[in-house]
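1. Take a look and give me a structure for this.
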Amino acid sequence: VIRAGAVVLACGFRERPLPITGADRPGALLDGAARGLLRRHAIAPGDRVVVATTNDEGYRTAIDFAEAGVTVEMILDARAAPDNAVVDRAKAHGLPLSLSSVASGVVTADGSDRIVGVKACNVGGEGVAAGHRTLFADALVVSGGLAPRRELGDALGADETQGLFHASRSPDLASAVADGVAAGLAAARHLGRDVEAEAPAVHASPDAPDDDDARAAYVARLVGDADAGGAAVIDIGADVTFEDVRRAREQGLSGPAL
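-> Just a heads-up that it's a prediction; the model follows:
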């Protein structure tokens, strides 16, 4: 039995999917799965890939595809102005890039679930600018960022007054590193140590979107055409769609009850 005066929980993160209509079809993968298959087994999800991202990880996967000889049809980045080294690397590879853009759905071949195209649109805009365009691709890789794993800490029901500190709170990379440093310092102070330290500099563009108005516009565009948007799957394992969540919210449900 180990007895500790303070415990720092660093349970890591899980990938966030994006509620894109039709993204449960064969050929649509989360970023981590696509990169893992490519690096470990030299398997690409398709010959022409669209990468839909809200963060820097999508760029890293797109670069891996390009270096492996896989055609990247387009990187769709929901952010308006990402600016860092990994974005510059993608540009240096000549990868096509569309900012303030999201994948809103997929196009499948007649009589099958095989992806033959990806629908894309701008996050904002009206009239022609609000329309959907089709990118010809046979695979869609989705990079929705990372969500901190809080299940263990929540199940324990303890907090900092009892010596339990969470290192993972923010899904944004730079903020997550700062959270880890803050948790370590707080744990040390809980044990009576007088310590100070600056969080290390992390060069990463924030995930998108970053305010309430941007989030509302982003989700409205992300789920695709009005007729099909509610069918966008949020949780593939539990078969939960965007429409399911909307109805649950209307009934006043929140948290795990959703």
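2. Tell me the secondary structure at the closest residue to Ala188 other than its chain neighbours.
-> Using Cβ to Cβ, 6 or more residues apart in numbering and skipping the chain neighbours, the partner closest in space to Ala188 is Val195 (4.7 Å). C-betas here are computed from N, CA, C, even on glycine. Secondary structure, DSSP: H, G, I helix; E, B strand; the rest coil: Val195 is coil.
3. any idea of the pLDDT on Leu164?
-> With respect to pLDDT, Leu164 has a value of 90.
4. hmm, back to that, for the residue nearest to Ala188, the count of nearby residues, please.
-> Neighbourhood size, Val195 [other Cβ atoms under 10 Å]: 11.
5. List the buried residues for stretch 25-38?
-> For stretch 25-38, burial by neighbour count (16 or more other Cβ atoms under 10 Å) applies to Arg25, Gly27, Ala28, Leu29, Leu30, Asp31, Ala34, Arg35, Leu38.
6. Off-centre distance for that stretch?
-> 13 Å (Cα atoms, centre = their mean, to the nearest Å).
7. Quick one: residues contacting the spatially most central residue of the chain.
-> For the chain, the residue nearest the mean C-alpha position is Gly144 (1.4 Å; Cα atoms, centre = their mean). With contact taken as Cβ atoms under 8 Å, 6 or more residues apart in numbering, Gly144 is in contact with Glu15, Arg16, Pro17, Leu18, Leu30, Asp31, Thr53, Thr54, Asn55.
8. ranges for the helices of the protein?
-> 31-41, 57-67, 85-92, 151-156, 173-190, 212-222, 242-250 (DSSP state H).
9. what's the closest of these to Ala10?
-> Nearest to Ala10, of all those, is helix 173-190, at 6.6 Å by Cβ to Cβ.
10. Output the closest one as CSV - backbone C-alpha positions only.
-> What follows is helix 173-190, C-alpha atoms only, in CSV (Å, rounded to 0.1, in the frame of the first residue of the first chain):
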residue,chain,number,x,y,z
LEU,A,173,-2.3,21.6,-26.3
ALA,A,174,-0.6,24.8,-24.9
SER,A,175,-3.2,25.1,-22.2
ALA,A,176,-2.9,21.4,-21.3
VAL,A,177,0.8,21.8,-20.7
ALA,A,178,0.2,24.8,-18.5
ASP,A,179,-2.5,22.7,-16.6
GLY,A,180,0.1,20.0,-16.0
VAL,A,181,2.6,22.4,-14.6
ALA,A,182,0.0,24.1,-12.4
ALA,A,183,-1.2,20.7,-11.0
GLY,A,184,2.4,19.7,-10.1
LEU,A,185,3.0,23.1,-8.3
ALA,A,186,-0.4,22.9,-6.5
ALA,A,187,0.5,19.3,-5.3
ALA,A,188,3.8,20.5,-4.0
ARG,A,189,2.3,23.4,-2.2
HIS,A,190,-0.3,21.0,-0.7
